[in-house]
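1. Quick check, what structure comes out for this input:
(2 chains)
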Amino acid sequence: MPGAIYAEGLVKTFGDVKALDGVDLEVPEGTVLGLLGPNGAGKTTTVRCLTTLLRPDSGRAVVAGLDVLKQPDAVRRSIGLSGQFAAVDEYLTGRENLQMVGQLYQMKAKAARARADELLEQFNLADAADRTAKTYSGGMRRRLDLAAALVVSPPVMFMDEPTTGLDPRNRQQLWEVIKQLVSDGTTLLLTTQYLEEADHLAHDIAVVDHGRVIAKGTSDQLKARTGGERVEVVVHDREHIPAASALLDKYSLRGLGQGDTTVEEHMRKITTPVSGGAKLLAEIIRELDADGIEIDDIGLRRPTLDDVFLSLTGHVAEAKDEDGEGARDAEGHSKGQRAGKEAVK
Amino acid sequence: MSAVSDAVRVTAPGNPIGQSVRDSLVVAKRNLIRMARIPEVVIFGLIQPIMFVVLFSYVFGGSMDIGGSTSPQVYREFLMAGIFAQTVTFATAGAGAGIAEDMHKGLIDRFRSLPMARGAVLTGRTLADLVQTALTLLVLAVVALLVGWRTHTSIGEVLAAFGLLLLTGYAFTWIGAVIGLSVRTPEAATSGGLVWLFPVTFVSNAFVDSSNMTPWLRHIADWNPFSATVQACRELFGNPGVSTSEAWPMQHPVWASLIYSVLIIVFFRTLAVRKYRSAAA
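-> Presented below is the predicted three-dimensional model:
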């Protein structure tokens, strides 16, 4: 029994650019998959294929138990899509927008209106319900867009870069909403360029680059692949560097392919790969203390998803990928999407 | 919040035609609300034809030979059917720009991910444009009466003429829909929606007596779908300058106008809906 979202070998070519080069995915019911990748990696194209907006050249996809290619209408009844930028009609009020979407989900006008009011309340937009969306802030528009995707409480949700362009406060707010949604049992596929976001919201992460999934796993698993934890010590006195370095070396996992003990003289910082967590850290502190080495700072540092991304793809997540940009252009209206993104900012 | 626990399940629709009509009306309402909130668009849409009425009737009136008369009054009565017809076709640009903007802003994506009737987004837009066209025609008819345009037939025939005009305008908005779905920006849709209308509306009987054109041009004008509507209106209004050409559309203009409009709708609607469904948008 495949998960709530299942894709196998999705391929999509635009002109001579391969936007998707055999994407395989599986999202178990009630979980969140974070699709992580730089611009143009194929995240949006994947979402468009799974939400019936785009027909893949080959491959198979099942959403909510329905074949995306054979039963697109049934799939549309079971999904909610929140796009890369807020797709709401800016000349309609918040209430009118939601009511329209409800009616297009085939609700009766009255039921759609009641549901709109409910959502406006839940998304903290009740005060702005009768103002046109044009007057909304970027964060409010995103919330309205998300509310529109939730009009029928679909069992499967897709969010394409839901927080791109939002300020930290609004991002935090939207995260709370998304977490709530997931705790209520919705299956979610979320794309993001923000490693922090995937770390925060997703159970599983699939890293995409050049139209393929290049790594899969939980955040912890992916981090473990990059290397384990490291102890960082900043000594107070420059003269103590050799002694501290020798001490740390005892605990180093050096030789296990985890890198070496490194010393940054000017920062008086010594770093070494370890395993053993907080317990080990306490032990190291006691030994340093016993040897009379005064320290300014000590900490256990775990790799971030940024490190993961870098080690997997050889480039940082934020970096623009030129080929990828080409792939997006080939999608036809990606210029518009980018313009839309700018507008949201 | 409990977005999921209040689950509102979506059931499969019963009657697809009923759903299509309902969805189209929901989208039409949305577009009409928009139009009401951006009145500039409607107002500019009115200024242009009014300017044409005034400019053509005062600048050209008196130097145009219509059925052997160069009287400005005769030209004014001759002109109005042409202006009315040209005005309804200009709705093409509005429809195209509106649909291109929806694509650009990602709204088409939202609509396409909803379990709604496939053609409803486009039908809704064209219906809203039809309402706008009707309003424009109403204002224009009043202006026309003010500058001296008169009809000389029964009220039924006059209403029939306006009906044909609306149908022609509606047909042309489907051409606009195809243009809107084919270009990348609303600006391109506006200019792309207008540019080809000038030759279509000028190589016709709308502003001059086509019998004075060189034979090959006259042939085009006589078979131009747009000319059929103009000729039909002149006949139904009892206005001067009805073409005596032997061409079938000029001999049977009401039928010709109806047939042309229906053919345009069938062809361009099919094309537009197909484009919408696969909109790489």
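
2. Low-confidence bits of chain B, can you list those?
-> For chain B, applying pLDDT under 70 flags the ranges B:1-14, B:280-281.

3. Residue nearest the middle of it, spatially speaking?
-> residue B:169 (2.1 Å; CA atoms, centre = their mean).

4. Mind giving me the packing neighbours of the one helix or strand it maps to?
-> Here residue B:169 is covered by helix B:155-182, with elements defined by DSSP states H and E. Applying 3 or more CB pairs under 8 Å, 6 or more residues apart in numbering or on different chains; DSSP states H and E, one finds that helix B:155-182 contacts helix B:72-89, helix B:91-104, helix B:120-146, helix B:186-195, helix B:225-237, helix B:253-278. (Each C-beta comes from the backbone N, C-alpha and C, glycine too.)

5. Okay, buried residues for the third one please.
-> By that I understand helix B:120-146. The neighbour-count check on helix B:120-146 (16 or more other CB atoms under 10 Å in any protein chain shown) flags B:120-130, B:132-133, B:136-137, B:140-141, B:143-144 as buried.

6. circling back to that earlier point, identify each buried residue in the helix holding residue B:169, please.
-> By neighbour count on 16+ other CB under 10 Å, the buried set for helix B:155-182 is B:157-158, B:160-162, B:164-182.

7. roughly how far is that helix from the heart of the chain?
-> 4 Å (CA atoms, centre = their mean, to the nearest Å).

8. what does stretch B:227-239 give?
-> The answer for stretch B:227-239 is 16 Å, by CA atoms, centre = their mean.

9. Check stretch A:178-198 too.
-> 7 Å.

10. Read off the pLDDT value for residue A:220.
-> Note on residue A:220: pLDDT of 82.

11. interface residues of the stretch 51-200 of chain B facing chain A?
-> Residues of the stretch 51-200 of chain B lying close to chain A (CB under 8 Å from any CB of the partner chain) are B:103-107, B:109-116, B:120, B:184-185.

12. Among those, which pair sits farthest apart?
-> Pairwise distances among these were taken by CB to CB; the largest, 29.0 Å, belongs to B:115 and B:185.

13. More neighbours: those two, which one.
-> Counted by other CB atoms under 10 Å in any protein chain shown, residue B:115 and residue B:185 do not tie: residue B:115 has more neighbours, with 23 against 18.

14. Would you verify that the more buried one is located in a strand?
-> No - applying DSSP: H, G, I helix; E, B strand; the rest coil, one finds residue B:115 to be coil, outside a strand.

15. distance of it from residue B:171?
-> Note on residue B:115: its distance to residue B:171, by CB to CB, to the nearest Å, is 29 Å.

16. check which helix or strand covers residue A:117.
-> Using DSSP H and E, residue A:117 falls in helix A:109-122.

17. tell me what that helix is packed against?
-> Using 3+ CB pairs under 8 Å, 6+ apart, helix A:109-122 sits against helix A:94-104, helix A:138-149.

18. can you rerun that using 7 Å?
-> helix A:94-104 (3 or more CB pairs under 7 Å, 6 or more residues apart in numbering or on different chains; DSSP states H and E).

19. where along the stretch 1-150 of chain A do the strands fall?
-> With DSSP state E, counting those that start in this stretch as the criterion, the stretch 1-150 of chain A has strands at A:5-14, A:17-27, A:32-36, A:58-63, A:66-67, A:79-82.

20. Redo those strands as JSON lines? Include distance to residue A:185.
-> Shown next, in JSON lines, are the strands of the stretch 1-150 of chain A (distance: least, CB to CB, whole Å):
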{"stretch": "strand A:5-14", "distance to residue A:185": "14"}
{"stretch": "strand A:17-27", "distance to residue A:185": "13"}
{"stretch": "strand A:32-36", "distance to residue A:185": "11"}
{"stretch": "strand A:58-63", "distance to residue A:185": "16"}
{"stretch": "strand A:66-67", "distance to residue A:185": "18"}
{"stretch": "strand A:79-82", "distance to residue A:185": "14"}
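
21. what about those strands, which gets the closest to residue B:197?
-> strand A:5-14 (32.4 Å).

22. partners of that closest one in the sheet?
-> When pairs are called by DSSP bridges, strand A:5-14 turns out to pair with strand A:17-27 (antiparallel), strand A:58-63 (antiparallel).

23. Out of those, which gets nearest to residue B:212?
-> Once the strands paired with strand A:5-14 are compared by CB to CB, strand A:17-27 is nearest, at 55.1 Å.

24. And the contacts of the closest one?
-> A:2-13, A:33, A:42, A:45-46, A:56, A:187, A:189, A:206, A:210-213, A:326-327, A:330 (CB atoms under 7 Å, 6 or more residues apart in numbering or on different chains).

25. Now with 8 Å, please.
-> A:2-13, A:33, A:35, A:42, A:45-46, A:49, A:56, A:59, A:187-189, A:204, A:206, A:208, A:210-213, A:323, A:326-328, A:330-331 (CB atoms under 8 Å, 6 or more residues apart in numbering or on different chains).

26. Give me the distance from it to the chain's centre.
-> Distance of strand A:17-27 from its chain centroid, counting by CA atoms, centre = their mean, is 17 Å.

27. For that strand, buried residues please.
-> Those would be A:17-21, A:23, A:25-27, for strand A:17-27 by 16+ other CB under 10 Å.

28. pLDDT weak spots in the stretch 101-250 of chain A?
-> Those would be A:227, if you go by pLDDT under 70 across the stretch 101-250 of chain A.

29. Which residues of it lie near chain B?
-> So the stretch 101-250 of chain A meets chain B at A:101, A:103-107, A:111, A:115, A:118-119, A:122-123, A:132, A:148, A:150-153, A:177, A:180-181, A:184-186 (CB under 8 Å from any CB).

30. OK, contacts around residue A:272?
-> Residue A:272 makes contacts with A:230-231, A:248-249, A:251-254, A:260-262, as judged by CB under 8 Å, 6+ apart.

31. quick check, nearest of those to chain B?
-> Nearest to chain B among these: residue A:230, at 40.3 Å, using CB to the nearest CB.

32. Can you give me the distance of that closest one to residue A:279?
-> For residue A:230, the distance to residue A:279 equals 16 Å [CB to CB].

33. More neighbours: the two, which one.
-> residue A:230 (20 against 8).

34. Looking at chain A, which helix is longest?
-> For chain A, the longest helix by residue count, based on DSSP state H, is helix A:168-183.

35. Next secondary structure after that one?
-> strand A:187-192.
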